[in-house]
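Enquirer: here are the coordinates; sequence isn't available:
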């Protein structure tokens, strides 16, 4: 680490700049989205169309202005790492970590997508989210859970039945 402290410091600085840059890009996007009229300034007037459009545009600008430079910097850092000598890189094995991840984020994304589909099917895509009643939101959640049971539960029951039948024959 002592031999390459300049590069390590540069990588730490680049990471910090990327983090701060991502925050500033998001703040820039939010102010421009409001001033350009892409989304209403009052959250109670947002529709699902506004929300989805806002998320997709924010992701696009973050990837364009922060993600591309970070990917280029990561590729350059990887090329540098591959070129250093074996004795310098010994002891820094970054590839043998745990394979488990924190998890949990995929289900909420799936639930959000299902809620967007439910709102679209119900014809409330361009209706202000602030006008949704608690009964509508809770009813939508129950409907989404039912969809999940149908989509994932039926194949799971079929697979479990097949597996049990196969195990009983052994």
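Expert: Arrived safely. Because the structure is predicted, anything quoted here is derived from the model rather than measured. Residues are numbered from 1 along each chain as shown.
Enquirer: C-terminal to the helix or strand hosting residue 120, what's the next element?
Expert: Per DSSP states H and E: residue 120 is located in helix 105-121. On the C-terminal side of helix 105-121, the nearest following helix or strand under DSSP H and E is helix 134-148.
Enquirer: so how far is that next one off the chain centroid?
Expert: How far helix 134-148 lies from its chain's middle: 23 Å, per CA atoms, centre = their mean, to the nearest Å.
Enquirer: buried sites along that helix?
Expert: 140, 144 (16 or more other CB atoms under 10 Å). (Each C-beta comes from the backbone N, C-alpha and C, glycine too.)
Enquirer: and after that helix, which helix or strand comes next?
Expert: Beyond helix 134-148 toward the C-terminal end (DSSP H and E), the next one is helix 154-169.
Enquirer: Does anything pack onto that next one? Which helices or strands?
Expert: Counting contacts by 3 or more CB pairs under 8 Å, 6 or more residues apart in numbering; DSSP states H and E, helix 154-169 is packed against no other helix or strand.
Enquirer: okay, and the helix or strand of this structure with the least pLDDT?
Expert: Scoring the helices and strands of the chain by mean pLDDT, DSSP states H and E places helix 86-89 at the bottom, with a mean of 62.
Enquirer: Please name every helix or strand in contact with the helix holding residue 120.
Expert: Against helix 105-121 (3+ CB pairs under 8 Å, 6+ apart) you get helix 48-62, helix 134-148.
Enquirer: Make CSV out of those and add distance to residue 110 and mean pLDDT.
Expert: Formatted as CSV, these follow (distance: least, CB to CB, whole Å; pLDDT from 0 to 100):
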stretch, distance to residue 110, mean pLDDT
helix 48-62, 15, 96
helix 134-148, 8, 92
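Enquirer: Need those helices in TSV (columns: distance to residue 24).
Expert: Below are the helices and strands packed on helix 105-121 laid out as TSV (distance: least, CB to CB, whole Å):
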stretch	distance to residue 24
helix 48-62	11
helix 134-148	34
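Enquirer: distance between the helix holding residue 120 and the chain's centre?
Expert: With CA atoms, centre = their mean, you get 13 Å for helix 105-121.
Enquirer: can you give me the mean pLDDT across that helix?
Expert: Averaging pLDDT along helix 105-121 gives 91.
Enquirer: Same question for stretch 16-27.
Expert: 94.
Enquirer: Can you give the contact residues for that stretch?
Expert: 58, 61-62, 65-66, 69-70, 73 (CB atoms under 8 Å, 6 or more residues apart in numbering).
Enquirer: Identify, from those, the entry nearest to residue 137.
Expert: residue 58 (23.5 Å; CB to CB).
Enquirer: what's the neighbour count on that closest one?
Expert: 15 (other CB atoms under 10 Å).
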